[in-house]
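> Below is the structure, and that's it, no one-letter string:
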């Protein structure tokens, strides 16, 4: 019976000697001499590679001497203590099977490659140190999101990807249609006749699962969604993508303070899990990508999050004596430069800014008693600014109808949403966290294109 495969992450932790260990992976480097070949192989299970030592007694030694970087191999041998510096153990091979030899044109040779180049080979970049680490961290964070909410009794809800409602009221949505774009049916006034479309109405890829999530919270109390969302925003910044993932909890019986408490606990849980479960990968990011990363994450984990009103934040920014690129005044959106000043210099730790002017926030946010502000909250963190955005939702039917109309939206499109206020309305709140922004924060990576496997951005939909 064949010895089962051992993952390299496990092999590196075993105490030698271990006979007949079988590992499989891809060649990171191969160094040959007349009598011995040293091969570094990695299977993606850990940051570190395993050194394979092959001596000339191996039957296919000549073929092994010509192994190329990127080749897939299967190795059986004895795990022994390494006599050389750089690794604790190594595998002394008794057999090496070349499963798939890489062409000489394999683009990931043993040298530094720029991120821009690696985006052009996104189907291969996961084999590099940096991107292997990014996607291991991403995987752990995704799992910990579920762990956090499941431990608190939340129900995981799959909200629709195709929708007829604009949750944000921004209008930047991808249309979904089966009509022939070259010759859609039109009425006598030239307008497209959607009666002949698949859903018999204009439909889009969702920008948020929030509205559907609210409906489920007003029946299940505590729910969360975690899925893909889409924005047809023609933005080429390092923080925007056309397709990204969102975590959106919605909680009945919560007010704004409860919402902030949950968001703080959520962020701290994720950072703690990353520091504990991804230590080797984070050490790499701390050394090569973002010096000071681990210290910053630990600082956030061990800090009490500040809370201040939007008005207080504006007053502090205006009185700072700092010359900002974007002027600060009541009613202005806070920009990244303002958010970073608040968290990095003024407060020195993560900060919730609450109670924003109603004009700069969405229609579903609960109006405060002053009728000038809404019960909104943004969580700002050092280095990147906004990490989470949320609010207490407007539970009063007549107020919600008015805010939808004031936003220039069609009430008819939101009748199902208004039903949740007609039939047993209750106070509730929720927030959204862009998953890619979280991964950027935890890894120190500075471009959203580098923390999602196959990025979708304006004029780019490869792979």
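Perfect, thanks for sending it. Every value quoted in this text rests on a predicted model; they were computed, and no experiment measured them.
> Around residue 107, how many other residues sit close by?
Residue neighbour count, defined by other CB atoms under 10 Å, stands at 15 for residue 107. Heads up, the C-betas are built off the backbone N, CA and C, glycines and all.
> I'd like the distance between it and residue 113.
Note on residue 107: its distance to residue 113, by CB to CB, to the nearest Å, is 8 Å.
> Residue 56 too?
In terms of CB to CB, residue 56 sits 33 Å off from residue 113.
> how about the strands of the stretch 351-463 of the chain, start to end?
All strands of the stretch 351-463 of the chain, identified by DSSP state E, counting those that start in this stretch, fall at 351-357, 373-381, 385-392, 428-434.
> Give me the contact list for the helix or strand encompassing residue 257.
Applying DSSP states H and E as the criterion places residue 257 in helix 256-277. Residues from elsewhere that reach helix 256-277 (CB atoms under 8 Å, 6 or more residues apart in numbering): 137, 140-141, 144-145, 147-148, 249, 251, 254, 282, 294, 297-298, 300-301, 305, 307, 350, 352, 354, 366, 375-377, 379, 381, 387-388, 390-392, 429-431, 433, 438, 442.
> for residue 397, what are its contacts?
With contact taken as CB under 8 Å, 6+ apart, residue 397 is in contact with 418, 421-422, 425.
> Mind checking which of the contacts of helix 256-277 are buried?
With neighbours counted by 16 or more other CB atoms under 10 Å, the contacts of helix 256-277 contain buried members at 137, 140-141, 144-145, 148, 249, 251, 254, 282, 294, 297, 300, 305, 307, 350, 352, 354, 366, 375-377, 379, 381, 387-388, 390-392, 429-431, 433, 438, 442.
> re the thing from before, tell me what angle whichever helix or strand comes after the helix holding residue 257 forms with helix 256-277.
Note on helix 256-277: by DSSP H and E, the next helix or strand toward the C-terminus is helix 279-288. An angle of 90 degrees separates the directions of helix 279-288 and helix 256-277 when computed by axes from the mean of the first three to the mean of the last three CA atoms, to 10 degrees.
> packing partners for the strand of greatest length in the chain?
Criterion DSSP state E: the longest strand present in the chain is strand 18-32. The criterion is 3 or more CB pairs under 8 Å, 6 or more residues apart in numbering; DSSP states H and E, and the helices and strands that strand 18-32 contacts are helix 8-11, strand 36-42, strand 72-81, strand 89-100.
> List the buried residues in it.
Buried residues in strand 18-32, defined by neighbour count with 16+ other CB under 10 Å: 21-28, 30, 32.
> Helices of this protein, residue ranges please.
8-11, 61-65, 115-119, 129-151, 210-220, 256-277, 279-288, 293-301, 310-318, 336-340, 397-406, 415-422, 435-443 (DSSP state H).
> Can you add distance to residue 360 and mean pLDDT and give those helices back as TSV?
Converted to TSV, these look like this (distance: least, CB to CB, whole Å; pLDDT from 0 to 100):
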stretch	distance to residue 360	mean pLDDT
helix 8-11	47	98
helix 61-65	64	96
helix 115-119	33	96
helix 129-151	28	98
helix 210-220	18	98
helix 256-277	17	98
helix 279-288	34	98
helix 293-301	26	96
helix 310-318	9	97
helix 336-340	13	94
helix 397-406	13	96
helix 415-422	22	97
helix 435-443	20	97
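> Below-threshold pLDDT in this protein: ranges please.
The model of the chain has pLDDT under 70 over residues 168-171.
> if you skip the residues just before and after it, what's nearest to residue 150?
On the basis of CB to CB, 6 or more residues apart in numbering, the spatially nearest residue to residue 150 that is not a chain neighbour turns out to be residue 156, at 7.5 Å.
> show me the contacts for the one you found.
When contacts are counted by CB under 8 Å, 6+ apart, residue 156 is found next to 146, 149-150, 223-226.
> Kindly write the ChimeraX command that selects the buried subset of those residues.
The buried residues among the contacts of residue 156 can be selected in ChimeraX (16+ other CB under 10 Å) with this line:
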select :149,223,224,225,226
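> From the contacts of residue 156, pick the one nearest residue 315.
The shortest gap between residue 315 and any of the contacts of residue 156 belongs to residue 224, at 34.9 Å (CB to CB).
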